[in-house]
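Student: Attaching a predicted model along with its sequence, questions to come.
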Amino acid sequence: MLLKFTKMHGLGNDFVVFDAISQSVNLSPAQFQFIADRHFGIGCDQILLVERATRLDADFRYRIFNADGGEVEQCGNGARCFVRFVHDKALSPKTEIRVETASGIIVPRLEPNGQVTVNMGVPRFELTEVPFIAEKRALTYLLGLEGKLAEVSVLSMGNPHAVQLVEDVDGAAVAVEGPQIESHPSFPARVNAGFMQVLDRGRIKLRVYERGAGETLACGTGACAAVVAGIMRGLLDDEVRVTTRGGELIIRWEGEGHPVRMTGPAVTVFEGEINL
Ligand SMILES: N[C@H](CCC[C@H](N)C(=O)O)C(=O)O
């Protein structure tokens with residue numbers, strides 16, 4: 001089966017995107033793993049499917065698969081690439097589209113300056129919504145890691161996030177602590193592990209060890225989760241510049257019950273075909 005794909009990235013968090021409207025894309029987890037493999041396949045952090053909406057209140061359906069082959073609920077950098085892809089392939093005349101995901105509707109919009117702004121929906125804190133196993137809801141939680149306790153904020157952006165504060169993000173033990181947090185037994189569906197350094201009330205630096213992909217150069221939902229966590233802890237104002245290894249995002253959040261808005265780039269690198 002020959003499938004056309006487009007290679008894209010959002011701040012170096014890279015994707016293989018399939019138009020699953022004009023071609024039939026029915027792949028197994030092993031095939032998604034092969035596509036994501038940076039030596040034997042195309043290579044990417046996630047695979048994104050552009051599908052017809054199944055809801056009357058949406059323009060398209062957006063499905064996300066991690067490099068480990070597992071399907072997940074949300075991908076922020078991917079959402080910016082999604083609307084860029086839809087526009088460039090003339091799949092819709094709109095520059096702002098309503099996109100159905102496994103965790104609800106998000107609304108990406110192409111800006112005149114080429115950046116993309118996405119209404120990423122309302123963050124959720126209820127333990128069952130993350131999901132996270134703990135006595136009761138709290139501002140932060142202590143996770144037992146090998147040889148240390150990590151104090152984390154826990155929330156969902158549709159996908160689960162555990163965010164800890166660090167003094168120096170470049171020196172953080174992301175490769176050691178990231179996998180331990182990702183597969184910590186308190187997270188039945190595993191979790192994305194954020195490491196956030198607060199520079200001032202309007203700027204943070206962030207690294208994320210992503211569930212199912214390892215450390216990526218940027219994580220859109222991770223940036224949203226980190227800013228929400230920082231605001232909840234009284235450390236940040238309602239608009240924050242997030243510096244990741246791949247570049248910068250602007251995240252805005254007015255507080256509980258409000259949606260998180262993310263602004264950043266979306267880049268098409270090349271088109272190709274893969275034989276599966
Ligand atoms: N690894 C994430 C999915 C991709 C999220 C990330 N690439 C983003 O930009 O939000 C998870 O398992 O929930």
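Tutor: Thanks, I have the structure now.

Student: So which residues on the stretch 101-250 of the chain come close to the ligand?
Tutor: Counting by C-beta under 6 Å from any ligand atom, the stretch 101-250 of the chain comes close to the ligand at 159, 192, 210-213, 216, 219-222. Yep, even glycine has a C-beta here, placed from its N, CA and C like the rest.

Student: Just the buried ones from the residues you listed?
Tutor: 159, 192, 210-213, 216, 219-222 (16 or more other C-beta atoms under 10 Å).

Student: which one of those is nearest R252?
Tutor: G220 (13.5 Å; C-beta to C-beta).

Student: Now do the same contact list for that closest one.
Tutor: G220 is in contact with 10, 13, 75-80, 118, 120, 249, 262, 264, counting by C-beta atoms under 8 Å, 6 or more residues apart in numbering.

Student: Sort out for me which of the residues you listed are in strands.
Tutor: Residues of these located in strands (DSSP state E): 10, 13, 118, 249, 262, 264.

Student: hey, what's the third one bridged with?
Tutor: According to DSSP bridges, P108, M262 are recorded as the beta-bridge partners of V118.

Student: swap in the fourth one?
Tutor: Beta-bridge partners recorded for L249 (DSSP bridges): V242.

Student: ok, back up a step: quickly name whichever of the residues of the stretch 101-250 of the chain next to the ligand is closest to G234.
Tutor: G222 (20.4 Å).

Student: Am I right that the closest one is in a helix?
Tutor: Yes - counting by DSSP: H, G, I helix; E, B strand; the rest coil, G222 is located in a helix.

Student: Give me the nearest residue to it, chain neighbours excluded.
Tutor: V208 (3.8 Å; C-beta to C-beta, 6 or more residues apart in numbering).

Student: again with E100
Tutor: The shortest distance from E100 to any non-neighbouring residue, by C-beta to C-beta, 6+ apart, is to A58 (3.8 Å).

Student: Check the gap between that neighbour and E51 for me.
Tutor: Per C-beta to C-beta, to the nearest Å, A58 is found 10 Å from E51.

Student: So which of the two has more stuff around it?
Tutor: A58 (19 against 15; other C-beta atoms under 10 Å).

Student: circling back: that's a helix at the residue nearest to E100, yeah?
Tutor: No - read with three-state DSSP, A58 is coil and lies in no helix.

Student: Could you check how far it is from the ligand?
Tutor: Distance of A58 to the ligand, given as C-beta to the nearest ligand atom, to the nearest Å: 19 Å.

Student: My read is that that residue contacts R98, right?
Tutor: Yes - applying C-beta atoms under 8 Å as the test, A58 and R98 come out as touching, 4.8 Å apart.

Student: Check the contact lists of these two and give me the overlap.
Tutor: Contacts common to A58 and R98, judged by C-beta under 8 Å, 6+ apart, are I105.

Student: Let me see the ranges of the strands in the stretch 51-200 of the chain.
Tutor: 60-66, 71-72, 99-101, 104-110, 116-119, 141-145, 148-156, 160-165, 192-200 (DSSP state E, counting those that start in this stretch).

Student: would TSV of those with mean pLDDT be doable?
Tutor: Listed next are the strands of the stretch 51-200 of the chain as TSV, based on pLDDT from 0 to 100:
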stretch	mean pLDDT
strand 60-66	98
strand 71-72	98
strand 99-101	98
strand 104-110	98
strand 116-119	98
strand 141-145	98
strand 148-156	98
strand 160-165	98
strand 192-200	99
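
Student: Redo the buried ones among the residues of the stretch 101-250 of the chain next to the ligand as CSV? Include distance to L127.
Tutor: Shown next, in CSV, are these (distance: C-beta to C-beta, whole Å):
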residue, distance to L127
N159, 15
N192, 17
E210, 21
R211, 17
G212, 21
A213, 24
T216, 26
C219, 22
G220, 24
T221, 18
G222, 20
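
Student: which of the residues you listed lies closest to Q31?
Tutor: G212 (15.2 Å).

Student: Need the pLDDT of that closest one.
Tutor: With respect to pLDDT, G212 scores 98.

Student: who are the neighbours in contact with it?
Tutor: 66-70, 72, 190 are the contacts of G212 under C-beta under 8 Å, 6+ apart.

Student: I'd assumed it was in a helix, is it?
Tutor: No - counting by three-state DSSP, one finds G212 to be coil, located in no helix.

Student: Please report the distance of it from G264.
Tutor: Counting by C-beta to C-beta, the gap from G212 to G264 is 21 Å.
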